[in-house]
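> sharing a model prediction with you, sequence too.
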Amino acid sequence: MNWKKFFFAFIAAFGFMFLFGFLWYGKLMHGAHQEVPVLWRTESDFGNHFSSLVFGHVVMAFFLTLLYARFVPAGGAGVCAMLGILVALIYAGADLITFAVQPLTAKILCGWIAGHLIQFAIAGAMIGAIYKTDSRTTT
Amino acid sequence: MKRFILAFIAAYIFIFFWGWLLNGIFLKDVYAQTPNLWRPQSEMMSLFHWIIIGQALIVFAFVMIYASGFAGGGVMAGIGLGVLLEIAAIGMRLGFYAVQPFPGKLIFTAARSA
């Protein structure tokens, strides 16, 4: 494994996922989320747990990069975007289950599913594009 | 295709019963600490089909990922894939923990994507 490329792919994935999450879930879906305020922490409480949000994105980006690097050795943006969509479907399934057990609105459910599909497809494409030459030079 | 269907059915049966055992039995008391975050039991039952569909989607995507790049590795590759995806899911739950006031125990006990 080319750790240098892995590191760059991980940083790119983390940066993109965090920024996308902020824009999509934090800004674009802010109004939809406010329809069920009981589900969310208060602003100050969220600030106290912000490190969990950052660390969660680090964990997610790291293990997704590892998944792509280990199991899509040929790399390439297209192949990794496809894998990203499959990974997003796993999260979409989890979103459906969450909808059944938590009082989310249909708007939130649809927003989360669309967000996951876009987020993981693009993150996968980025990782594949950055990491793709690795497997052709090393194993 | 036949193997895909068999793998899907086996994984689905497992995830359904594991989800019920983990979330419905073992973690029942933990969920009860935050009743305002969850739908009432009767409402959950009326939306139970979404749990079935959600689990089917999870299993379908998992088997698709395995079949498209991991199948040569056998059982160990399946375990490796499962571990990687679950750790990534823990990352996702950490993100949810930052915005939802659920007990921290649920981060590591697969509340969302068991």
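Perfect, I can see it now.
> which element is the closest residue to B:Ile58 other than its chain neighbours on?
With C-beta to C-beta, 6 or more residues apart in numbering or on different chains as the criterion, B:Ile58 has its nearest non-adjacent residue at 3.6 Å, and that residue is A:Gly93. For every residue, glycine as well, the C-beta is placed using N, CA and C. Here A:Gly93 sits within helix A:77-101, counting by DSSP states H and E.
> what comes up buried for that helix?
By neighbour count with 16 or more other C-beta atoms under 10 Å in any protein chain shown, helix A:77-101 contains the buried residues A:77, A:79-101.
> got it, and stretch A:106-113?
A:108-109, A:111-113.
> B:Pro103: neighbour count?
For B:Pro103, the neighbour count with other C-beta atoms under 10 Å in any protein chain shown is 16.
> ok, now how distant is it from B:Ala32?
Distance from B:Pro103 to B:Ala32, counting by C-beta to C-beta, to the nearest Å: 10 Å.
> low-confidence regions, the chain specifically.
Unless you meant another one, I'm taking chain A. Under the criterion pLDDT under 70, the flagged ranges of chain A are A:73, A:133-139.
> wait, chain B was what I had in mind.
B:108-114.
> make it 80
Applying pLDDT under 80 to chain B flags the ranges B:69-73, B:104-114.
> so where's the longest helix in it?
The residue-count maximum for a helix in chain B (DSSP state H) belongs to helix B:74-99.
> where exactly do the strands run in chain A?
Using DSSP state E, chain A contains no strands.
> doesn't A:Gly124 make contact with A:Phe16?
No - using C-beta atoms under 8 Å, A:Phe16 makes no contact with A:Gly124, being 10.5 Å away.
> when the two are compared, which one has more neighbours?
A:Gly124 (28 against 18).
> touching, that one and A:Val87? I think so.
Yes - counting by C-beta under 8 Å, A:Gly124 touches A:Val87, with 7.3 Å between them.
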